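**Q** after the sequence you'll find the predicted model.
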Amino acid sequence: SSSGQWREASPPWAQYYGTKMRYEDVAGSGPGSSRALGGCQALQLNALIRHGTRYPTRKNVPAMKRVHRLIRERADRGLGLVRALADWHMWYDERMDGHLHPLGVTDMSGLAERLSRCFPEIFSPRRDWNRRLKFVSSSKHRCVNSTRAFIQALERLLEPGGRAQPGGRWEVDDTLLRFFDHCHRYIQSVDRNQTAMRQVQRFLQGPEMGAVIANMARKLGIGPENITTDMVQATFYLCTFEYVLKDVVSPWCDVFDKEDVEKLEYWGDLKHYWKRSYGHKINGLSSYNLFQDIFQHLDQAVEESERGEYISHTAVLRFGHAETLLPILTLMGYFKDKNPLLADNFAEQKNRKFRSGRISPFAANLIFVLYRCEKAQDLAEKYKLQLLLNEKPLPFLHNGDSVAGYGEVKSHYEHALEVRSFDNVCEDNILFIFIFFLLLLLLFSIYCKETNLVLQ
Ligand SMILES: O=P(O)(O)O[C@H]1[C@H](OP(=O)(O)O)[C@@H](OP(=O)(O)O)[C@H](O)[C@@H](O)[C@H]1OP(=O)(O)O
């Protein structure tokens, strides 16, 4: 609802809106971060948070306007649905450009409130919370504004008198939170490689999308040859955003039946699978820098705790995108299906693990909670890690529990934590070879100079 309170019922298609799903439709009514460990003290909250609810991106609005114009041109057909859509007021504008919506501010405030209530030791003593909490954001306005909203919520919660340094402090770091823009090998082999998304393109030309277009054409009284997949996507985004931003089940949703929206959800999952997840190995590997940053901060807290020192950062809160979160979960091995998502196996993938909307709705969050347990018998048991996804326990893959010994988790992810194994992950081989030969030439010239050799 517009107050951002947890919604009771949601419209029939709400579970198919993919990464444009509202947080509460995934996290359930009133998620409450669940602590796992009584008798242990939370030392650090180490989080990766997707920005809150946003407007459509600049890329989506023109197609929305095109499909609305096409329908208005046929409004005289008098068909009930066509008339309702023609009379609907187009209020979306390119200038919205994916900016954070006021509901996204509510998403961030709610998350800040629930986390500070569930982990009071992390956010107190209140006197210096804004020094002990580290905030890092992607440079995108929706992430910066999500960071601001989260900090302002903490100011209201922790400094009711408004005594904290207004606005808090945060840093922008795109090499961490938009690593895909800085990983040369990813850019070359996926982002700029048309063939990398060929399964998506095949799906759009396949029987499932053909059936969606035929049904849409029948309902709108438009020849299927006049309906492009961009228009189908735009119509589905209109249905989605009218619900997500205005809590309205608009006539745009009547264009589709359940079978249609299941296929449209699969289309979105195919895109994320091949662009951000298991489709290409580099998708997960490209997030290694961020994964190592998470564990460097956890290591620092353990070392400071062992030395009896003050924990420098009791919380590290990073604000990124769905395309920041999905690769990290891929690198960790989560939501991997037995068979890849392909253009021609929609039917067998109906119960797939990889449903991007249930993993990364707006305001999605992956949180590593580090605990110190005094009663532990040995060091291996003294520090424990709990994993939360969207405030619900996410079992570790190596033991099936949502809590594990810190050292045990590190050794399970040793392959992803050893810096050396990731050197040049993102550098292109060509670049590497070029640098190698430059160095060789330099060494050879030094050798020649040292031995007074004159190159003939
Ligand atoms: O299809 P759109 O333009 O909405 O795709 C967006 C991404 O939105 P998503 O598909 O993840 O819902 C957007 O991710 P977000 O987490 O920032 O919302 C991404 O930043 C934007 O570039 C578009 O992704 P694409 O891969 O360029 O389609």
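**A** Now that the structure is in, tell me what you want to look at. Keep in mind that this is a model prediction, so the values were computed, not measured.
**Q** tell me where this protein has strands.
**A** Ranges of strands in the chain, per DSSP state E, are 41-50, 133-137, 171-172, 315-320, 365-372, 383-389, 392-393, 403-405.
**Q** which strands and helices lie in contact with the last one?
**A** So that's strand 403-405. Here strand 403-405 touches strand 383-389, going by 3 or more Cβ pairs under 8 Å, 6 or more residues apart in numbering; DSSP states H and E. For the C-beta atoms, the positions are set from N, CA and C on the backbone; glycine is no exception.
**Q** for the third one, same thing?
**A** In terms of contacts (3+ Cβ pairs under 8 Å, 6+ apart), strand 171-172 is packed against strand 133-137.
**Q** near the ligand at all, the strand it packs on?
**A** No - Strand 133-137 stays clear of the ligand (Cβ under 6 Å from any ligand atom), getting no nearer than 12.3 Å.
**Q** can you list the neighbours in contact with that strand?
**A** For strand 133-137, contacts defined as Cβ atoms under 8 Å, 6 or more residues apart in numbering pick out 123, 143-144, 146-147, 150-151, 154, 168-173, 176-177, 297, 313-320.
**Q** can you tell which of the strands of the chain is closest to residue 232?
**A** For these, the distance to residue 232 is smallest for strand 41-50, at 25.3 Å, taking Cβ to Cβ.
**Q** can you list the buried residues in that closest one?
**A** Using 16 or more other Cβ atoms under 10 Å as the test for burial, strand 41-50 gives 42, 43, 44, 45, 46, 47, 48, 49, 50.
**Q** residue contacts, the third one?
**A** Spelled out, that is residue 44. By Cβ under 8 Å, 6+ apart, the residues touching residue 44 are 122, 297, 298, 301, 311, 313, 314, 315, 316, 368, 369, 370.
**Q** check contacts around residue 213.
**A** Per Cβ under 8 Å, 6+ apart, neighbours of residue 213: 224, 227, 229, 232.
**Q** need those residues in JSON lines (columns: distance to residue 279).
**A** Below are the contacts of residue 213 laid out as JSON lines (distance: Cβ to Cβ, whole Å):
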{"residue": "224", "distance to residue 279": "29"}
{"residue": "227", "distance to residue 279": "27"}
{"residue": "229", "distance to residue 279": "19"}
{"residue": "232", "distance to residue 279": "22"}
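**Q** of those residues, which is the most crowded?
**A** Within the contacts of residue 213, residue 232 tops the neighbour count with 24 neighbours, counted by other Cβ atoms under 10 Å.
**Q** what parts of this protein come near the ligand?
**A** 19, 20, 50, 54, 57, 59, 60, 275, 321, 322, 323.
**Q** nearest to residue 254, of those residues?
**A** Distance to residue 254 across these (Cβ to Cβ) is lowest for residue 20, with 18.6 Å.
**Q** spatially central residue in this structure, please.
**A** The centroid of the chain falls nearest to residue 322 when counting by Cα atoms, centre = their mean (2.1 Å).
**Q** that one contacts residue 271, doesn't it?
**A** No - Residue 322 lies out of contact with residue 271 (Cβ atoms under 8 Å); the separation is 10.6 Å.
**Q** ok, which pair from the buried residues of strand 41-50 is furthest apart?
**A** The most widely separated members of the buried residues of strand 41-50, counting by Cβ to Cβ, are 43 and 50 (24.5 Å).
**Q** ok so, going back, buried among the residues of the chain next to the ligand? Need that as a selection in PyMOL.
**A** Selection of buried members from the residues of the chain next to the ligand for PyMOL, criterion 16+ other Cβ under 10 Å:
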select buried, resi 19+20+50+54+60+275+321+322+323
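**Q** could you list which of the residues of the chain next to the ligand belong to helices?
**A** Within the residues of the chain next to the ligand, residues falling in helices by DSSP state H are 275, 322, 323.
**Q** out of these, who's nearest the ligand?
**A** For these, the residue nearest the ligand by Cβ to the nearest ligand atom is residue 322; the value is 3.5 Å.
**Q** circling back to that earlier point, turn the contacts of residue 44 into a markdown table, including pLDDT, distance to residue 196 and neighbour count.
**A** Below are those laid out as a markdown table (pLDDT from 0 to 100; distance: Cβ to Cβ, whole Å; neighbours: other Cβ atoms under 10 Å):
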| residue | pLDDT | distance to residue 196 | neighbour count |
| --- | --- | --- | --- |
| 122 | 90 | 40 | 21 |
| 297 | 98 | 32 | 19 |
| 298 | 98 | 33 | 23 |
| 301 | 97 | 38 | 21 |
| 311 | 92 | 42 | 18 |
| 313 | 94 | 37 | 19 |
| 314 | 94 | 40 | 24 |
| 315 | 95 | 36 | 23 |
| 316 | 97 | 32 | 23 |
| 368 | 97 | 30 | 21 |
| 369 | 96 | 35 | 28 |
| 370 | 97 | 36 | 25 |
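**Q** right, and the pair among those residues with maximum separation?
**A** Within the contacts of residue 44, 311 and 368 form the most distant pair, 14.4 Å apart (Cβ to Cβ).
**Q** and the closest residue to residue 313 other than its chain neighbours, how many residues sit next to it?
**A** Leaving aside its sequence neighbours, residue 313 sits nearest to residue 134 (Cβ to Cβ, 6 or more residues apart in numbering; 4.7 Å). Residues lying near residue 134 (other Cβ under 10 Å) number 17.
**Q** residue 57: what's it in contact with?
**A** Counted by Cβ under 8 Å, 6+ apart, residue 57 has contacts 97, 98.
**Q** if we can go back for a sec, from residue 403, how far out is the residue nearest to the centre of the chain?
**A** Per Cβ to Cβ, to the nearest Å, residue 322 is found 27 Å from residue 403.
**Q** how about low-confidence regions in the stretch 201-350 of the chain?
**A** Nowhere does the stretch 201-350 of the chain drop to pLDDT under 70.
**Q** make it 90
**A** Applying pLDDT under 90 to the stretch 201-350 of the chain flags residues 221-222, 249.
**Q** contacts for stretch 145-153, please.
**A** If you take Cβ under 8 Å, 6+ apart as the criterion, stretch 145-153 is touched by 49, 51-52, 99-100, 104-105, 107-109, 111-113, 130, 135, 137, 167-168, 170, 317, 319, 363.
**Q** can you flag the buried ones in these?
**A** 49, 51-52, 99-100, 104-105, 107-109, 111-112, 130, 135, 137, 168, 170, 317, 319, 363.
**Q** keep only those of the residues you listed that are in helices.
**A** Using DSSP H, the subset of those located in helices is 104, 105, 107, 108, 109, 111, 112, 130.
**Q** now those in JSON lines, with pLDDT?
**A** Output for those, formatted as JSON lines (pLDDT from 0 to 100):
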{"residue": "104", "pLDDT": "98"}
{"residue": "105", "pLDDT": "98"}
{"residue": "107", "pLDDT": "97"}
{"residue": "108", "pLDDT": "98"}
{"residue": "109", "pLDDT": "97"}
{"residue": "111", "pLDDT": "96"}
{"residue": "112", "pLDDT": "95"}
{"residue": "130", "pLDDT": "67"}
